[in-house]
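> Please find the sequence and the predicted model below.
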Amino acid sequence: MEIFLKQGVAAQITFPLLAAGSAGRISGATLAAGDFKVCRHTGGAWDVSNPATAIPTEIGSTGLYELPLTAAELTVDDQKYPILIACHDAAGEEWDDQAIIIRVFSTDIDDVQTLGAGSISWEVTVNDGTDPLDGVDVWVTTDIAGLHIIARGLTDDNGLVKFMLDAGNYYGWKQLAGYSFTNPEAFTVTA
């Protein structure tokens, strides 16, 4: 699972916990301090520590859990390094271990509300392998680290979003709760 957030701003992440050996979510999971670790690059080295809020809270009985992270926990010394939330069921095998990847940006992607200012119409279609996906947050950057966001939009019910870009090399990023995408994907726009 990959999440995109603004660097140095406290936020809450939401994620599923899956029953051990299953694709189904687990409700009422047994969670303990130490089951979750924040791994971030700071001071020129990797730091691994318990989050300030040691135990996530389940949302109702959904198998989705929320974990608030402080501004410090969402700060790295170089944005090329992601923040990792390591989830490990230390008490047993009730739920599957997982890693949540958080990429932080100096620009909040929510601040970018343009489909681009270029002269070439460029379409991006997103599907789940079969069906188009509606509501996927798609954005374009000029660098592989994702620091320079130039366009952003949501896919329609046909899984389509159209950007206005100039000829050049770009990187596409996608995010939708419950789905995993390859981020970034390099592409070239030609006239």
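Yep, that arrived. Numbers count the residues shown, from 1 in each chain.
> Show me the domain layout of the protein.
Domains of the chain are assigned by automatic domain parsing as 2-105, 109-189.
> Tabulate the ones you listed (CSV), appending mean neighbour count and mean pLDDT.
From N, CA and C alone the C-beta is placed, and that goes for glycine too. Below are the domains of the chain laid out as CSV (neighbours: other Cβ atoms under 10 Å; pLDDT from 0 to 100):
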stretch, mean neighbour count, mean pLDDT
domain 2-105, 15, 90
domain 109-189, 16, 89
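> give the contact list for the residue located most distally from the centre of the chain.
When distances are taken from the C-alpha mean of the chain, Ala191 lies farthest, 31.5 Å away, according to Cα atoms, centre = their mean. Counting by Cβ atoms under 8 Å, 6 or more residues apart in numbering, Ala191 makes contact with 120, 167.
> any idea of the pLDDT on it?
Looking at Ala191, its pLDDT reads 82.
> helix/strand/coil for Lys174?
strand (DSSP: H, G, I helix; E, B strand; the rest coil).
> Val140 is in contact with that one, correct?
No: using Cβ atoms under 8 Å, Lys174 is not in contact with Val140, being 10.7 Å away.
> In which helix or strand does Gly34 reside?
Using DSSP states H and E, Gly34 falls within no helix or strand.
> Could you measure from it over to Ala72?
For Gly34, the distance to Ala72 equals 19 Å [Cβ to Cβ, to the nearest Å].
> just checking, Thr62 touches Ile26?
No: in this structure Thr62 lies outside contact range of Ile26 using Cβ under 8 Å: 10.4 Å.
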